[in-house]
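> Everything below, folded, please.
(one chain, ligands or ions: 1)
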Amino acid sequence: MTASVEFRGLRRVFGSTTALDGLDLTIAPGELIALLGPSGCGKTTALRCVAGFETPDAGAVLVDGKDITRLPANRRDAGMVFQSYSLFPNLNVRDNVAFGLRVRKVPAAKRHARAAELLELVGLPTHAERYPHEMSGGQQQRVALARALALEPRVLLLDEPLSALDAKVRVTLREEIRRLQLELGITTIFVTHDQEEALSVADRVAVLRSGRLEQCGPPAEVYDRPSTPFVAEFVGTMNHIPGRLSGNEVTVLGQLLPVDGPVPSSSSEVDVLIRPEAVLVTPSSEGSAMIVASSFRGSSARLRVQLGELEVLSDVPGHEAMRLAPGTRVSVSLVQRPVLVAERTAAVPAV
Ligand code: ATP
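Just a heads-up that it's a prediction; the model follows:
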């Protein structure tokens, strides 16, 4: 049932906009890949090329090694779920789910049985008689998922499926999508611009930038070892702290840290990218830094710390927020971990 998907040099231009600029990416059978990137980077266009709603100007889409680039949408084995639930308002849930089966002339008894099975799978076994307007957004999206799975597609395409839902439902439903996807073993492409969503749901995260693949890897790798400053910035938050490079080490805030990955060759004055959770603050009356703001998030708190002209962000456990209130004098140190080093940008003030 499941299949590999390959984007090979995919290119799509709309007037003066290049939506896809030679996208190369291979997705293994049964894998859930998140396409992540800022608005306009080509995520939806890539997905639509798999569904058959879009034809690339160059390059190819291969499913299990077979070129499907010019195959009509209705002859592709792909099920798609959109951000706006896009259920048929005049059909009840059962008929929405069974719609594709009806088009394929599957007898009523058989398609009703299949709809019941799918509604069970998405956790709505008692909702078959309801109409879309009688259901919450989360429930409608479950129905849309059931409908997308009705024809047993080999590839599941999810285009920002959770973006219209509120935060709690979004988390529950993404966990369920993942559970279902693993249970069915279906190759899935999940488009999102939400980095937390991508990291939590995917086997691999593919970060797109201007229609090209910037980096692709398991969530922890993309987060911990971003290959470019763009990925580092987009997947999480980064501090940019000035440092001095020497070989494979960098001196930053008076500490010597190992550098992982490529280093700029043009200058030893660099911009060191460090995650807020790698910045440790300790209350100290002799400290050279001061906490200027704190935003409490329950399990953690994000502190803004003034260090001379530089401001750095530090994430601390929530229970520490009380003793690290704004106005507290602190010393700052960095956790010894590999960091990404980039060309110094003008925006970074000297410490
Ligand atoms: P978003 O998260 O905002 O949906 P995206 O990464 O999914 O962004 P796409 O929808 O793939 O991006 O669009 C990529 C670029 O191509 C955008 O600049 C968009 O405006 C443009 N584009 C997409 N479809 C069309 C179209 N049919 N006609 C003209 N321009 C288009």
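
> which residue ranges form the strands in the stretch 51-200 of the chain?
Along the stretch 51-200 of the chain, the segments classed as strands by DSSP state E, counting those that start in this stretch run 58-63, 66-67, 78-81, 155-159, 187-192.

> Looking at these, spot the one closest to Leu101.
Evaluated over the strands of the stretch 51-200 of the chain, closeness to Leu101 peaks at strand 78-81, with 12.3 Å, by C-beta to C-beta. Quick note: C-beta positions are derived from backbone N, CA and C, even for glycine.

> hmm, who's touching the closest one?
Residues from elsewhere that reach strand 78-81, judged by C-beta atoms under 8 Å, 6 or more residues apart in numbering: 47, 50-52, 141, 144-145, 147-151, 153-159, 161.

> do that strand and the ligand meet?
No. Strand 78-81 lies out of reach of the ligand by C-beta under 6 Å from any ligand atom, never closer than 13.6 Å.

> The residue in the stretch 101-250 of the chain positioned nearest to the ligand: what's it in contact with?
Among the residues of the stretch 101-250 of the chain, His193 lies closest to the ligand, at 5.0 Å counting by C-beta to the nearest ligand atom. Contact partners of His193, counting by C-beta under 8 Å, 6+ apart, are 36-39, 43, 160, 163.

> mind checking how far it is from Pro38?
6 Å (C-beta to C-beta, to the nearest Å).

> now do Lys105
43 Å.

> quick one: contacts for the residue nearest to Ser333 when sequence neighbours are not counted?
Of all residues not flanking Ser333 in the chain, Leu280 sits nearest, at 5.0 Å (C-beta to C-beta, 6 or more residues apart in numbering). Applying C-beta under 8 Å, 6+ apart, we find Leu280 in contact with 314, 332-335.

> among the helices and strands of this protein, which has the poorest mean pLDDT?
Lowest on mean pLDDT, DSSP states H and E among the helices and strands of the chain sits strand 340-343, with a mean of 86.

> Flag every residue of this structure that's near the ligand.
Checking the chain against the ligand by C-beta under 6 Å from any ligand atom, the hits are 14, 17, 19, 37, 39-45, 193.

> Make CSV from the residues you listed and add pLDDT, secondary structure and distance to Lys110 to it.
Shown next, in CSV, are these (pLDDT from 0 to 100; DSSP: H, G, I helix; E, B strand; the rest coil; distance: C-beta to C-beta, whole Å):
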residue, pLDDT, secondary structure, distance to Lys110
Phe14, 97, strand, 42
Thr17, 96, strand, 45
Ala19, 97, strand, 40
Gly37, 95, coil, 41
Ser39, 92, coil, 42
Gly40, 93, coil, 43
Cys41, 95, coil, 42
Gly42, 96, coil, 40
Lys43, 96, helix, 36
Thr44, 96, helix, 34
Thr45, 97, helix, 36
His193, 92, coil, 39
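
> mind listing the helices for the stretch 51-200 of the chain?
Under the criterion DSSP state H, counting those that start in this stretch, the stretch 51-200 of the chain carries helices at the ranges 93-97, 99-103, 108-121, 137-149, 167-184, 195-201.

> Break the protein into its domains for me.
Domain assignment for the chain by automatic domain parsing gives 5-231, 237-343.

> Pick the most buried one from the ones you listed.
domain 5-231 (a mean of 18; mean count of other C-beta atoms under 10 Å).

> End to end on it, go ahead and measure it.
End-to-end distance of domain 5-231: 23 Å, with C-alpha to C-alpha, to the nearest Å as the criterion.

> Quick check: chain neighbours aside, which residue is closest to Gly243?
Gly243 sits nearest to Val252 (C-beta to C-beta, 6+ apart), 3.6 Å away.

> tell me the contacts of that neighbour?
Applying C-beta under 8 Å, 6+ apart, the residues contacting Val252 are 241-244, 272, 274, 334, 339.

> what's the pLDDT at it?
pLDDT for Val252: 94.

> ok, now which ones touch Arg8?
Neighbours of Arg8 in contact, by C-beta under 8 Å, 6+ apart: 24, 59-62.

> And it, its phi and psi?
For Arg8, the backbone dihedrals (degrees, to the nearest 10) come out as phi -120, psi 110.

> Quick check, pLDDT for it.
97.

> sorry, back to before: in TSV, list the strands of the stretch 51-200 of the chain along with mean pLDDT.
Below are the strands of the stretch 51-200 of the chain laid out as TSV (pLDDT from 0 to 100):
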stretch	mean pLDDT
strand 58-63	97
strand 66-67	96
strand 78-81	94
strand 155-159	97
strand 187-192	97
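
> could I get those as a markdown table with distance to Ala325?
Shown next, in a markdown table, are the strands of the stretch 51-200 of the chain (distance: least, C-beta to C-beta, whole Å):
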| stretch | distance to Ala325 |
| --- | --- |
| strand 58-63 | 55 |
| strand 66-67 | 61 |
| strand 78-81 | 45 |
| strand 155-159 | 42 |
| strand 187-192 | 35 |
